[in-house]
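Here is a sequence with its predicted model. Questions after.
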Amino acid sequence: MRKGKQLFTESLVPGDKSFAKSILRKGGKEFREWNPYRSKAAAAILSGIRGFPLKRGDKILYLGIASGSTASFFSDIVGKDGVIYGVEISERCMRDLNPIAEKRGNIVPVLADARKPETYSWVERVDLVFQDVATNDQSEILIRNCREFLKPDGFAMIAIKSRSINVVKKPEQVYKEELKKLYTFFEIIDKVRLDPYEKDHLFVLMKKKSQLTDANA
């Protein structure tokens, strides 16, 4: 739900104010304000990304879930029938994530390196893969995980952090090079710069190319 430049999700756990910028109550329901300065996905929505694909019941693979801030809002959206597999390499972040996951019931913490999807091969096929790992091989990590886990008609999202990839090149050049990699596997649906919410970030929404089947992906 949008209210001007504010973004809200209906709370899956009423009374829980974790990560919410504010709480809105309307029609007997509780809504959490999603802070675009703390969530690249929220920043993308408020920056006008078209076709944001998340819906109730979706299964998500979240690479770089950290302490679960953005994931908690994804959790609100997918609801009790959805599930979020949250991959995180940091044990400290995992300790913060575990109580959030326990409270919400639809987040599955996965302590693992997103570069090695074979270490969590038990994860089922998903509707969406979201890559939010700050590293210089972001696109490669996303493609590798999508080969393993993304459904044939699935979506992918990435927040390209140019300064994590190359601190010397201009962000526009980094974006161009990363998009070239992504074009080999995805159809680009839309992309938006995240300024002023996040500096030197490009958020990209994609769909798996139809000609890439599970057999030849």
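Looks like it arrived, so ask away.

Next, the buried residues of stretch 170-179.
Of the residues in stretch 170-179, those scored as buried under the neighbour-count criterion (16 or more other CB atoms under 10 Å) are 171, 174-175, 178-179. Placement of C-beta: from N, CA and C, glycine included.

just stretch 98-108 next, same as before
Neighbour counts using 16+ other CB under 10 Å place 100-101, 104, 106-108 of stretch 98-108 among the buried residues.

Strands - which of these land there?
Where the buried residues of stretch 98-108 overlap with strands, as defined by DSSP state E, the overlap consists of 107-108.

From the buried residues of stretch 98-108, pick the one nearest Arg144.
Of all the buried residues of stretch 98-108, Arg144 sits closest to Val108, with 19.7 Å by CB to CB.

Just give me the neighbour total for the nearest residue to Gly105 once chain neighbours are set aside.
The shortest distance from Gly105 to any residue other than its chain neighbours is 6.9 Å, reached at Lys80 (CB to CB, 6 or more residues apart in numbering). Residue neighbour count, defined by other CB atoms under 10 Å, stands at 12 for Lys80.

Which secondary structure state is assigned to Lys80?
Of the three states, Lys80 takes coil according to DSSP: H, G, I helix; E, B strand; the rest coil.

My guess is it contacts Gly57. True?
No: with contact defined as CB atoms under 8 Å, Lys80 does not count as touching Gly57 (9.1 Å).

Please, which helix or strand holds the closest residue to Ile160 other than its chain neighbours?
Closest residue to Ile160 in three dimensions, ignoring its sequence neighbours and counting by CB to CB, 6+ apart: Leu202, at 4.4 Å. Assessed by DSSP states H and E, Leu202 sits inside strand 201-208.

So what are the sheet partners of that strand and their directions?
Applying DSSP bridges to the sheet, strand 201-208 is found paired with strand 150-161 (antiparallel), strand 186-193 (antiparallel).

just the ones you listed: most buried one?
With neighbours defined as mean count of other CB atoms under 10 Å, the strands paired with strand 201-208 peak in mean count at strand 150-161, which reaches a mean of 21.

Name the residues that touch the next helix or strand after that strand?
Towards the C-terminus, the helix or strand next in line after strand 150-161, according to DSSP H and E, is helix 162-165. Among residues not part of helix 162-165, those counted as contacts by CB atoms under 8 Å, 6 or more residues apart in numbering are 134-136, 138, 169, 171, 174-175, 178, 200-202.

where exactly do the strands run in the protein?
For the chain, the strands defined by DSSP E occupy 2-3, 6-10, 23-26, 29-33, 59-63, 83-88, 107-111, 126-131, 150-161, 186-193, 201-208.
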